[in-house]
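K.L.:
how does the following fold in three dimensions:
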Amino acid sequence: MKKVIIIASMLLITSCIPVKVAPKFKNVDYKVMQGRKFQKKMPREMAFIFKDPKDEKEFYNYINKKYKLNDQNVGYNVPFEFEGKILYLSYYEAERTDETLNLPLVIADAKRDGNGNSRLFEGNYTSRKGHWYILVTVYDEDIKNCLKDNHPLKEKVLLYLKNLREEYITTQNYEELLLTENPNSFTN
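P.N.:
Presented below is the predicted three-dimensional model:
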């Protein structure tokens, strides 16, 4: 019993305790949910959410080149034709973080402080790693969210957004998107 307590104490002392954990989408590459539930600063609208593996501003560059926007209104209400109708795409970037409490450093500094020495690890009690996500919303001409369950285009728009995500992740040179005659088609 004494050995179990010692081993448990050692594991606790040498561990990093997660304080915040970024969402992970199990077995899928995306999630459709209300933006506000994902992050409080986001609108209360249904959004297509996926993890962005690329650098900052890459999705901006992708949308700008794909829809030939010339850096005009790139993130908000980008019009595109879908099955003979005009739909409007908007996107938001959101950061979610993983934060851990580094318990050994806290204990070491507490011991040093108790002995009258200065703290060594004061700024390193927690470690943080950021993850970026893209939230995409699509509206029809009547300003109705196409990702809501009762919208007639939901399944087709969802397929379109899956293809958009796939093309974004696999495309390295966005200039090649300019060679496609129809920006609503995909290169893969």
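
K.L.:
for the spatially most central residue of the chain, name its beta-bridge partners.
P.N.:
Relative to the mean C-alpha position of the chain, the nearest C-alpha, by Cα atoms, centre = their mean, is the one of residue 133, at 1.2 Å. Beta bridges link residue 133 to residue 51, residue 94 when assigned by DSSP bridges.

K.L.:
low-confidence stretches in this structure?
P.N.:
Applying pLDDT under 70 to the chain picks out residues 7-23, 25, 27, 176-188.

K.L.:
and the strands in it, which stretches?
P.N.:
Under the criterion DSSP state E, the chain contains strands at 16-20, 30-34, 46-51, 78-82, 85-102, 126-139.

K.L.:
point out the most buried one among those.
P.N.:
strand 46-51 (a mean of 23; mean count of other Cβ atoms under 10 Å). No exception for glycine: its C-beta is placed from N, CA and C like everyone else's.

K.L.:
one step back: need the strands of the chain in a markdown table (columns: distance to residue 165).
P.N.:
Listed next are the strands of the chain as a markdown table, based on distance: least, Cβ to Cβ, whole Å:
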| stretch | distance to residue 165 |
| --- | --- |
| strand 16-20 | 25 |
| strand 30-34 | 6 |
| strand 46-51 | 5 |
| strand 78-82 | 15 |
| strand 85-102 | 11 |
| strand 126-139 | 8 |
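
K.L.:
many thanks, I have nothing further to ask.
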